[in-house]
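Chemist: okay, here's the prediction I keep looking at, along with the sequence it came from:
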Amino acid sequence: MPFLSDTLARVKPSPTIAVTTKAQELKAAGRDVIGLGAGEPDFDTPAHIKAAGIRAIEEGKTKYTAVDGIPELKQAICAKFKRDNGLDYTADQVSVSSGGKQVLFNALMATLNEGDEVVIPAPYWVSYPDMVLLAGGVPVPVTATLENNFKLTPEQLEAAITPKTKWLIFNSPSNPTGAGYSREELKGLTDVLLRHPHVWVMTDDMYEHLAFDGFEFCTPAQIEPRLYDRTLTVNGVSKAYAMTGWRIGYAAGPKELITAMRKIQSQSTSNPCSISQYAALEALNGPHDFIAQNNAVFVRRRNLVVEMLNACDGITCPMPEGAFYIYPDISGCIGKTSKGGTKIETDEDFCTALLEEHGVAVVFGAAFGLSPNFRVSYATSDAALTEACTRIQAFCADLT
Ligand SMILES: Cc1ncc(COP(=O)(O)O)c(C=O)c1O
């Protein structure tokens with residue numbers, strides 16, 4: 001009898017975490033490495049949010065809480081959905097978990113049966129397909145191409161839906177491309193969903209506040225109120241509030257689904273960290289002016305990287321609407337050989353040679369379901385980005 005489970009064999013470890021770990025190892029071994037792999041802001045958590053966490057500790061708010069969140073935080077989340085998205089939810093329609101990742105995982109575990117299909121636009125956040133597999137479902141990736149700015153078309157969605165489709169996972173602005181769907185583009189997709197009442201939508205709005213150049217964020221239940229009863233709207237404080245380590249994500253949706261997600265959480269992790277919940281409460285209710293300040297920095301870095309990468313031989317780099325990622329196409333580099341002698345057959349070859357020869361860590365596109373590309377996270381200093389892009393330019397110039 002094998003010791004390890006069949007479920008384990010279905011999934012692979014997170015490639016983004018693997019790249020970050022590899023870069024850290026090389027750094028620890030004394031190599032000059034610039035890591036552009038990590039999916040987290042380099043900004044510190046704002047002082048007023050940290051202070052709320054410290055206060056929670058000092059006031060003894062260090063015990064178990066209600067499984068899916070303290071009432072005050074649920075109220076703040078309801079207020080956030082009303083304020084930012086015009087959506088009405090009550091506290092019993094809200095679930096708080098240890099990060100957006102656990103919210104998504106709970107929802108999939110609570111709803112998927114063997115063979116249920118989940119439509120996932122590719123390129124996708126690496127965890128979606130593996131979480132679907134862990135929950136016993138079947139991921140159905142649908143490729144959104146560079147020609148369509150990495151966005152799924154209504155025709156593609158229509159063609160991907162079968163009687164077995166349970167969910168569409170929607171993510172805008174996107175990890176890994178930064179692509180954001182306009183109101184009209186999203187309406188095209190929600191119109192398709194209206195024609196298929198058995199399909200639910202899990203919208204991952206994690207990058208809602210990281211939207212640039214006047215891009216207007218919108219979310220499915222807001223665009224199409226007739227989808228409200230089959231939409232799970234997922235969000236969290238990790239990215240916009242620079243709180244990745246605090247581990248707080250949340251969702252709102254139909255009461256039955258939220259109750260089912262609570263049941264899963266009650267038998268796995270119980271409540272998210274009590275201290276982090278009080279910090280998240282301050283994040284949602286407190287001042288938000290730092291978000292615009294951080295975004296100005298992100299825009300400057302995005303422009304810098306897009307410009308420098310577009311100057312590389314063989315790379316095409318579209319301008320994303322949000323998040324802090326860029327997803328350059330490297331078709332023009334495939335089939336060439338690096339100065340160090342690596343034949344570049346795939347985007348993984350490109351990224352491995354780039355790391356070994358020039359010490360720049362980026363994540364290869366195959367991990368996100370669209371090749372040949374790589375993902376840059378530009379949530380790091382201008383100096384590091386300039387140096388990294390200079391090295392990528394040199395690497396590409398030397399390809400023969
Ligand atoms: C698209 C997307 N959704 C969800 C998450 C998970 O966020 P959290 O750190 O809150 O679990 C991430 C984190 O990288 C993400 O990029």
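Modeler: Arrived safely.

Chemist: pretty sure residue 14 contacts residue 127?
Modeler: Yes - between residue 14 and residue 127 a contact is recorded at 6.6 Å, counting by Cβ atoms under 8 Å. C-beta coordinates here come from the backbone N, C-alpha and C atoms, glycine included.

Chemist: show me where the stretch 151-300 of the chain has its strands.
Modeler: Along the stretch 151-300 of the chain, the segments classed as strands by DSSP state E, counting those that start in this stretch run 165-171, 200-204, 231-236, 249-252.

Chemist: got these as TSV, with mean pLDDT, distance to residue 100 and mean neighbour count columns?
Modeler: As requested, the strands of the stretch 151-300 of the chain are arranged in TSV below (pLDDT from 0 to 100; distance: least, Cβ to Cβ, whole Å; neighbours: other Cβ atoms under 10 Å):
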stretch	mean pLDDT	distance to residue 100	mean neighbour count
strand 165-171	98	10	24
strand 200-204	98	7	25
strand 231-236	98	4	27
strand 249-252	98	3	27
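
Chemist: of all these, which lies closest to residue 50?
Modeler: Ranking these by their distance to residue 50 (criterion: Cβ to Cβ) puts strand 231-236 first, at 17.5 Å.

Chemist: of all the strands of the stretch 151-300 of the chain, which one comes closest to residue 212?
Modeler: For residue 212, the closest of the strands of the stretch 151-300 of the chain is strand 165-171, at 16.7 Å, according to Cβ to Cβ.

Chemist: got the contact list for residue 343?
Modeler: 336, 337, 349 (Cβ atoms under 8 Å, 6 or more residues apart in numbering).

Chemist: and those, which is closest to residue 205?
Modeler: Sorting the contacts of residue 343 by how near they are to residue 205, with Cβ to Cβ, puts residue 349 at the top with 34.6 Å.

Chemist: show me what whichever strand or helix holds the closest one is in contact with.
Modeler: With secondary structure defined by DSSP states H and E, residue 349 is part of helix 347-358. Residues lying outside helix 347-358 but in contact with it, judged by Cβ under 8 Å, 6+ apart, are 19, 22-23, 26, 33, 330, 333-334, 338-340, 342-344, 360-366, 371-374, 391-392, 394-395.

Chemist: how about stretch 366-374?
Modeler: Where contact means Cβ under 8 Å, 6+ apart, the residues beyond stretch 366-374 that reach it are 15-16, 120, 122-126, 129, 141, 143-145, 150, 176, 327-331, 333-334, 346-348, 350-351, 362-365, 375.

Chemist: adding distance to residue 285, write the contacts of residue 343 out as JSON lines.
Modeler: Shown next, in JSON lines, are the contacts of residue 343 (distance: Cβ to Cβ, whole Å):
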{"residue": "336", "distance to residue 285": "53"}
{"residue": "337", "distance to residue 285": "56"}
{"residue": "349", "distance to residue 285": "49"}
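
Chemist: what's the host helix or strand of residue 9 packed up against?
Modeler: Take DSSP H and E as the rule and residue 9 turns out to sit in helix 6-10. For helix 6-10, the elements it packs on are helix 127-134, judged by 3 or more Cβ pairs under 8 Å, 6 or more residues apart in numbering; DSSP states H and E.

Chemist: which SSE is immediately downstream of the helix it packs on?
Modeler: strand 138-143.

Chemist: how about the stretch 1-150 of the chain: which residue is closest to the ligand?
Modeler: In the stretch 1-150 of the chain, the residue found nearest to the ligand is residue 99; the distance is 2.7 Å by Cβ to the nearest ligand atom.

Chemist: any idea how far residue 272 lies from residue 381?
Modeler: Residue 272 sits at a distance of 31 Å from residue 381 (criterion: Cβ to Cβ, to the nearest Å).

Chemist: between the two, which one's more packed in?
Modeler: residue 272 (28 against 13; other Cβ atoms under 10 Å).

Chemist: that older thread, give the next helix or strand downstream of the helix holding residue 9.
Modeler: For helix 6-10, the succeeding helix or strand toward the C-terminus, using DSSP H and E, is helix 15-28.

Chemist: can you tell me which residues in the stretch 101-250 of the chain are near the ligand?
Modeler: In this structure, the stretch 101-250 of the chain approaches the ligand at residues 101, 125, 171, 175, 204, 206, 236, 238, 244, 249, judged by Cβ under 6 Å from any ligand atom.

Chemist: and the helices in this structure, which stretches?
Modeler: Assigned helices in the chain, in chain order: 6-10, 15-28, 47-58, 71-85, 100-111, 127-134, 154-160, 183-194, 220-223, 255-266, 274-285, 289-310, 347-358, 382-397 (criterion: DSSP state H).

Chemist: and the angle for the fourth one with strand 231-236?
Modeler: An angle of 110 degrees separates the directions of helix 71-85 and strand 231-236 when computed by axes from the mean of the first three to the mean of the last three Cα atoms, to 10 degrees.

Chemist: does stretch 271-281 reach the ligand?
Modeler: No - in terms of Cβ under 6 Å from any ligand atom, no part of stretch 271-281 sits within range of the ligand; the closest distance is 10.3 Å.

Chemist: that stretch: which residues count as buried?
Modeler: Of the residues in stretch 271-281, those scored as buried under the neighbour-count criterion (16 or more other Cβ atoms under 10 Å) are 271, 272, 273, 274, 275, 276, 277, 278, 279, 280, 281.

Chemist: stretch 362-382 now?
Modeler: Going by neighbour count (16+ other Cβ under 10 Å), the buried part of stretch 362-382 is 362-380.

Chemist: now check it, is it near the ligand?
Modeler: No - Stretch 362-382 stays out of contact with the ligand when judged by Cβ under 6 Å from any ligand atom, the minimum separation being 9.5 Å.

Chemist: got the CA positions of that stretch in CSV?
Modeler: Included here for stretch 362-382 are C-alpha records, laid out as CSV according to Å, rounded to 0.1, in the frame of the first residue of the first chain:
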residue,chain,number,x,y,z
VAL,A,362,11.8,35.3,-13.4
VAL,A,363,9.1,32.7,-13.7
PHE,A,364,8.7,30.8,-16.9
GLY,A,365,5.4,31.1,-18.8
ALA,A,366,4.5,27.4,-19.0
ALA,A,367,3.8,27.6,-15.2
PHE,A,368,1.0,30.0,-16.0
GLY,A,369,-0.4,28.0,-19.0
LEU,A,370,0.8,30.2,-21.9
SER,A,371,4.2,29.9,-23.6
PRO,A,372,6.7,31.2,-24.6
ASN,A,373,6.6,33.9,-22.0
PHE,A,374,7.9,34.8,-18.6
ARG,A,375,6.4,36.7,-15.7
VAL,A,376,8.2,39.7,-14.1
SER,A,377,7.0,40.9,-10.8
TYR,A,378,8.0,44.6,-10.7
ALA,A,379,7.3,45.0,-6.9
THR,A,380,10.9,45.8,-6.2
SER,A,381,13.2,48.9,-6.4
ASP,A,382,13.7,51.0,-9.5
